[in-house]
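J.: Would you be able to build a 3D model of this:
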Amino acid sequence: MMTPSPASAAALILFAGMMTAGPAAAQDACPIQDQLVESAATQSADELAFTRTVMIEGRPKKGDIERTELVERFDPSAPEGERWTLVSYNGDAPTKKQLKEARQRRGTGMVPGYYRLATWLGVDPATCAPTEIRYDRFPKKTFDTGPVDMSGRMNAVAKIETDARGPMVRRTEFNLNKPFRVMLVAKITDFDVVSDYRRLADGRPVLDRQVMRFAGSRPGGSGTQTVVTTYSDYRLVR
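T.: Next comes the predicted model:
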């Protein structure tokens, strides 16, 4: 069955917050693209501390909904290897085993944030307008989770909002256009990620909420899983 264990969702959660390619050059035919890439590139993973709440909900094809909730904190001012802290697991203080598993999952993981947009937003788009940019495909290795390179399997749209402070990406939507297998065992047939962004009081754009949904199968069963991640308590550390 497809269950909502943090381990089973790890590769796809990684994709939801990842942008692994180096910064891509924006196209001259899309001037707002240049502005957005440059703005995102001014941020980094070392600037903001935050709290992240992850709700994982799974439904086997035949069975009840299963839920797991994780609350984590990220502090870039902490020593390397101690930046991520598991605060609670299903509302309780985490056990030693849960803390160990969390450290293993986050040891080399990427830090999600608005700054990651700079690494893929400049890819040659299918269409470009002041309110949205659409992408039909991405170059190889743009979204490579390790077990699978999802770059050629995704479509995307970046929705743009502009005010006196300039343009910002308000939402991104990624959708799977080709099923794929993970480690030759599980098959993912449907997958989409919606990320919402907002401004802090100082005008800085930050990641606000992500909703990831996928459906698939593996030997013994099939099911669906939804991961809702919210970001709060942002604090500038440098």
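J.: and stretch 37-52, C-alpha only, in CSV?
T.: What follows is stretch 37-52, C-alpha atoms only, in CSV (Å, rounded to 0.1, in the frame of the first residue of the first chain):
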residue,chain,number,x,y,z
VAL,A,37,15.6,35.6,-11.7
GLU,A,38,17.7,38.5,-10.5
SER,A,39,15.4,39.1,-7.5
ALA,A,40,15.4,35.5,-6.4
ALA,A,41,19.2,35.3,-6.8
THR,A,42,19.6,38.0,-4.2
GLN,A,43,18.4,35.6,-1.5
SER,A,44,20.2,32.5,-0.1
ALA,A,45,19.6,29.6,2.2
ASP,A,46,21.7,31.2,4.9
GLU,A,47,19.5,34.2,5.6
LEU,A,48,16.2,33.1,7.2
ALA,A,49,15.3,30.8,10.0
PHE,A,50,11.7,29.3,9.9
THR,A,51,9.3,26.7,11.2
ARG,A,52,7.9,24.1,8.8
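J.: I'd like the average pLDDT over that stretch.
T.: For stretch 37-52, the mean per-residue pLDDT is 96.
J.: so where is this protein shaky, pLDDT-wise?
T.: 1-28, 61-63, 106-109 (pLDDT under 70).
J.: Please enumerate the helices of it.
T.: Using DSSP state H, the helices of the chain run over 6-17, 31-41, 96-106.
J.: chain center to the second one: distance?
T.: Offset of helix 31-41 from its chain centre (CA atoms, centre = their mean, to the nearest Å): 19 Å.
J.: in the protein, which spans are strands?
T.: 48-60, 66-74, 84-89, 127-129, 132-135, 154-163, 166-176, 180-182, 186-199, 205-218, 221-236 (DSSP state E).
J.: Nearest to residue 117 among these would be which one?
T.: strand 166-176 (5.8 Å; CB to CB). All C-beta spots, glycine's among them, are computed from the backbone N, C-alpha and C.
J.: can you list contacts of that closest one?
T.: 32, 35-36, 39-40, 114, 117, 121, 130, 153-162, 188, 190-197, 199, 205, 214 (CB atoms under 8 Å, 6 or more residues apart in numbering).
J.: Same question for stretch 188-203.
T.: 12, 15-16, 114, 165, 168-176, 179-182, 205-217, 224, 234, 236.
J.: Just the buried ones from these?
T.: 12, 15-16, 114, 168-174, 176, 180, 182, 205-217, 224, 234 (16 or more other CB atoms under 10 Å).
J.: In stretch 96-111, which residues are buried?
T.: Within stretch 96-111, judged by 16+ other CB under 10 Å, the buried ones are 98, 101-102, 105-106, 111.
J.: Out of those, the closest to residue 56 would be?
T.: residue 105 (12.5 Å).
J.: Please determine how far that closest one is located from residue 70.
T.: 10 Å (CB to CB, to the nearest Å).
J.: Next, count neighbours for residue 193.
T.: 22 (other CB atoms under 10 Å).
J.: Name whatever forms a beta bridge with it.
T.: residue 174, residue 212 (DSSP bridges).
J.: Thank you kindly, that will do.
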